[in-house]
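K.L.:
fold the following for me, if possible:
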Amino acid sequence: MKILVIGGNGLIGSKVVKNLRQLGYEVVAGSPRTGINTVTGEGLADALNGAQVVIDASNAPSFDDQAVLDFFETSGRHLLAAEARAGVRHHIALSIVGTDRMLGSGYFRAKMAQENLIKASGIPYTIVRSTQFFEFLDGIAQYGTVDNEVRLTTAQLQPIAADDIAMIVSDTALAQPLNATIDAAGPEKFRLASLMQTYLAKCNDPRTVIADDEAGYFGMQISDQSLTPDGKASLGTTRFDAWFTKSQAAT
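P.N.:
All right, here's what the predicted structure looks like:
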């Protein structure tokens, strides 16, 4: 079976490519650097020739509201149209838990637009909505930093290790399309400010974490329900301490 992974050189996509190749599947890692560009359509027809499954783990190069919407709409239309012509049997997209609850954010509106294009395409699909990755803790800290303080909400998150979400996506690609959306999350819930305090201490980072529910999350006010699954979810197995130990060993 041939599988095309869009975003195949990214954090999650590269892990998915590795997982599926290790299982013996023919996997194409699609990205502009490999000559496959979903925004322009370049290389799509050749990459999809003979492909039964497509995994879209791509991300926008800019998070400006209009730019990110343009990316996901243009990319999605080109990719899905090319898949329809190629007879693809299963489209899997990596999205975000809480997308439909966070539409005040331009990024989440763009992801919602991407999901709607998939549902309307007629191609059998599964949308995998993931919680935040442990690997993005540095970025969250940087966003909340003013001087030597990191102001963060105390709302709950249920972050997942990149290895775990990559395995869930890989398993989804080998299963039958659900024509539905599923959630994926880590095995533990944390208060974001508390988790960051633990993380920075483990990193010997001198910044002080200030719990401040007015700080929001990338400009959005969130609650315990905003970015956590509201029902059944596929859970990763990697707990925070194990992830941190492994990530430090890797670096």
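K.L.:
now do the strands in the stretch 51-200 of the chain.
P.N.:
51-56, 90-96, 125-130, 145-146, 149-152, 156-157, 180-185, 190-191 (DSSP state E, counting those that start in this stretch).
K.L.:
pretty sure Ala173 contacts Ala93?
P.N.:
No - Ala173 is not in contact with Ala93 according to C-beta atoms under 8 Å; the separation is 11.2 Å. In this view, the C-beta of every residue, glycine as well, is placed from N, C-alpha and C.
K.L.:
quick one, which of the strands of the stretch 51-200 of the chain gets closest to Ser234.
P.N.:
strand 180-185 (4.6 Å; C-beta to C-beta).
K.L.:
which ones are touching the closest residue to Glu135 other than its chain neighbours?
P.N.:
Once flanking residues are discounted, Glu135 sits nearest to Ala162: 5.1 Å by C-beta to C-beta, 6 or more residues apart in numbering. By C-beta atoms under 8 Å, 6 or more residues apart in numbering, the contact set of Ala162 is 11-12, 15, 133-135.
K.L.:
taking those residues one by one, which sit in helices?
P.N.:
Residues of those located in helices (DSSP state H): 11-12, 15.
K.L.:
of the residues you listed, just say which sits nearest to Tyr25.
P.N.:
Nearest to Tyr25 among the ones in helices among the contacts of Ala162, with distances taken as C-beta to C-beta, is Lys15, at 14.3 Å.
K.L.:
just give me the neighbour total for the nearest residue to the closest one once chain neighbours are set aside.
P.N.:
Nearest non-adjacent residue to Lys15, counting by C-beta to C-beta, 6+ apart: Ala166, 3.5 Å away. Per other C-beta atoms under 10 Å, the neighbour tally for Ala166 reads 26.
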